[in-house]
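[1] following is a predicted model, sequence given first.
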Amino acid sequence: MAPLPDLGRPPDIPQQAIADAQALLASGRLHRYAEAGGDGGPVAALEREFAALIGCRYAVAVNSCGSALFLALKAADLRPGDPVLMNAFTLTPVPGAIDHIGAQPVLVEITEDLTIDFDDLRAKARSSGARVLMLSHMRGHLCDLDALSQICAEDGLTLIEDCAHTLGASWAGRSAGSFGRVGCFSFQSGKHVNTGEGGVLVTDDPDIAARAILHSGSYMLYGQHGTVPPDAVMARWRGRCGNYSLRMSALVATLARPQLPLLPARVADWNASHDRIAARLGECPHFRLPHRPEPEAYAQSSLQFQLTEFDPPRIAAFVARARDRGLWVKWFGTETAEGYNSNPAQWPGAHVSEVPRAFALQQRLCDIRLPLRLSAAQCDDIAETLIAATDAVAQGQGGHARA
Ligand SMILES: *Cc1c(COP(=O)(O)O)cnc(C)c1O
């Protein structure tokens, strides 16, 4: 078997982006605004392109998805101590945004298919009195977004979507991020568009867009944004929104823009690798893969599987064995935080006792990242390496956990 590929390889920066970035650097105009007036440059252009891509009226470019999530909570008028519902399967930036605003996370169970559990959502919405659901489409798994929209309408919940893993994904033909009052996207290198750091908030609501623009730190040069709410709306919020300096730089927007038209090809590439590896793992009884419903069009840059028959020491042995063979497998049940942090027991303010089923499920859940441009042979090698590692552990050859 040839050496296995580096699963952590980020998406390439296109030549056009490199050329545009060099021209921008030569000009020195790296800040998004120009005091003497201007058209907003690459950041404003990105906002227009991104709003059109998702199908929303407004896009506000910021420095990270975590900042977008924080601004979304701010614009929902959350006060310190207010409860915020969130699915227990996500990454630290989501509970981090809730912590940032001083609110209280209320964890909601997930299903075997890694999406939010609607019964538990309804029960917790009533018992907590929360007005906001911050839903993470974690690892690209979309719940039935039509059914969820109905629940949110009936129970008076404002939906904020964390779309860090669903740029290019849709439910029944409608883009993820356009179902909620606000959608938040990430350009961090591990996501679908790679600029190192960066985020975008999308919304149809002019008041939320106005508040996000002003809070992000627009120095009253908000007229230079790509999608600007009407003057009367801006006037309503001027002088009432603190400046948090969460702006996107022109360099980031310059790196992002040429990547947007590449998304359909990237998504097709990721999904082809995902589907090939998933099909092979699905033939092996050790692996349980999430069911993908028909209306979901995913953009799967990673692959998740449960090892339902293995206890935590055996999963640790499996992970160690796969890593020894050159495959960087992640395990959501690690006792100590390790490079990433998806274990709700490790989030400040979260009560893992609220979600016993999600906690038990994550004890048996692993995943791998999928770089772009894997060959069919590389996909097969990845699948066989994972299967061989489970076989060895099942036969008691796993050795001791070294995770
Ligand atoms: C990466 C990520 C984020 C936040 O992205 P940043 O741009 O790094 O703040 C949010 N949610 C999930 C699930 C993520 O993986």
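    Yep, it's here. Predicted, not measured: the structure shown is a model, and the values here were computed from it. Numbering: from 1, shown residues only.
[2] measure the most centrally placed residue in the chain to Ala103 for me?
    Centroid check for the chain by CA atoms, centre = their mean gives Ala164 as the closest residue, at 2.0 Å. Distance, Ala164 to Ala103, by CB to CB, to the nearest Å: 19 Å. In short, each C-beta sits where N, CA and C put it, glycine included.
[3] which non-adjacent residue is nearest the residue nearest to the centre of the chain?
    Among residues not flanking Ala164 along the chain, Ser186 sits closest, at 4.1 Å (CB to CB, 6 or more residues apart in numbering).
[4] test my guess that the one you found contacts Gly177.
    No. Counting by CB atoms under 8 Å, Ser186 does not reach Gly177; the two are 11.3 Å apart.
[5] what do these two both touch?
    Residues touching both Ser186 and Gly177 by CB atoms under 8 Å, 6 or more residues apart in numbering: Cys163.
[6] quick one, helices of the stretch 51-200 of the chain?
    Listed in chain order, the helices of the stretch 51-200 of the chain (DSSP state H, counting those that start in this stretch) span 65-75, 93-100, 118-128, 145-155.
[7] pick the most deeply packed of these.
    Highest mean neighbour count among the helices of the stretch 51-200 of the chain (mean count of other CB atoms under 10 Å): helix 65-75, with a mean of 26.
[8] may I ask which helix or strand encompasses Ser273?
    Element membership for Ser273 (DSSP states H and E) is helix 263-282.
[9] strands paired with the helix or strand following that helix, and their directions?
    As assigned by DSSP H and E, the chain's next helix or strand after helix 263-282 is strand 296-297. Strand pairing for strand 296-297, determined by DSSP bridges: strand 170-171 (antiparallel).
[10] and the helices of the stretch 51-200 of the chain as a markdown table, adding mean pLDDT and distance to Trp171?
    Converted to a markdown table, those look like this (pLDDT from 0 to 100; distance: least, CB to CB, whole Å):
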| stretch | mean pLDDT | distance to Trp171 |
| --- | --- | --- |
| helix 65-75 | 97 | 19 |
| helix 93-100 | 96 | 20 |
| helix 118-128 | 98 | 15 |
| helix 145-155 | 98 | 4 |
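[11] out of those helices, which is closest to Pro371?
    Closest to Pro371 of the helices of the stretch 51-200 of the chain is helix 65-75 (CB to CB; 20.5 Å).
[12] which stretch of helix or strand covers Glu384?
    helix 376-394.
[13] avg pLDDT for that helix?
    Average pLDDT, helix 376-394: 97.
[14] run the angle between that helix and helix 263-282 for me.
    Angle between the axes of helix 376-394 and helix 263-282 is 40 degrees (criterion: axes from the mean of the first three to the mean of the last three CA atoms, to 10 degrees).
[15] in helix 376-394, what's buried?
    Buried residues in helix 376-394, defined by neighbour count with 16 or more other CB atoms under 10 Å: 378-379, 381-383, 385-387, 389-390, 392-394.
[16] cool, stretch 44-55 as well?
    For stretch 44-55, the neighbour count (16+ other CB under 10 Å) marks Ala44, Ala45, Leu46, Glu47, Glu49, Phe50, Ala51, Leu53, Ile54 as buried.
[17] can you redo the helices of the stretch 51-200 of the chain as CSV with distance to the ligand?
    Formatted as CSV, the helices of the stretch 51-200 of the chain follow (distance: least, CB to the nearest ligand atom, whole Å):
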stretch, distance to the ligand
helix 65-75, 3
helix 93-100, 4
helix 118-128, 18
helix 145-155, 17
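[18] could I get those helices in CSV, plus columns for distance to Gln304?
    As requested, the helices of the stretch 51-200 of the chain are arranged in CSV below (distance: least, CB to CB, whole Å):
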stretch, distance to Gln304
helix 65-75, 20
helix 93-100, 17
helix 118-128, 20
helix 145-155, 19
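[19] out of the ones you listed, which comes closest to Pro229?
    Comparing the helices of the stretch 51-200 of the chain against Pro229 with CB to CB, the closest turns out to be helix 65-75 (12.0 Å).
[20] any chance you could list what contacts that closest one?
    With CB under 8 Å, 6+ apart, helix 65-75 has contacts from 60, 62, 84, 93-94, 96-98, 100-101, 103, 132, 134, 160, 162-164, 181-182, 184-188, 191, 199-201, 207-208, 211-212, 215-216, 244, 246.
[21] report the buried members of these.
    Taking 16+ other CB under 10 Å as the criterion, what is buried in these is 60, 62, 84, 93-94, 96-98, 100-101, 103, 132, 134, 160, 162-164, 181-182, 184-188, 191, 199-201, 208, 211-212, 215-216, 244, 246.
[22] so which residues of the stretch 1-150 of the chain form strands?
    Taking DSSP state E, counting those that start in this stretch as the test, the strands found in the stretch 1-150 of the chain are 58-62, 83-87, 104-108, 132-136.
[23] out of the ones you listed, which gets nearest to the ligand?
    Closest of the strands of the stretch 1-150 of the chain to the ligand is strand 132-136, at 5.0 Å (criterion: CB to the nearest ligand atom).
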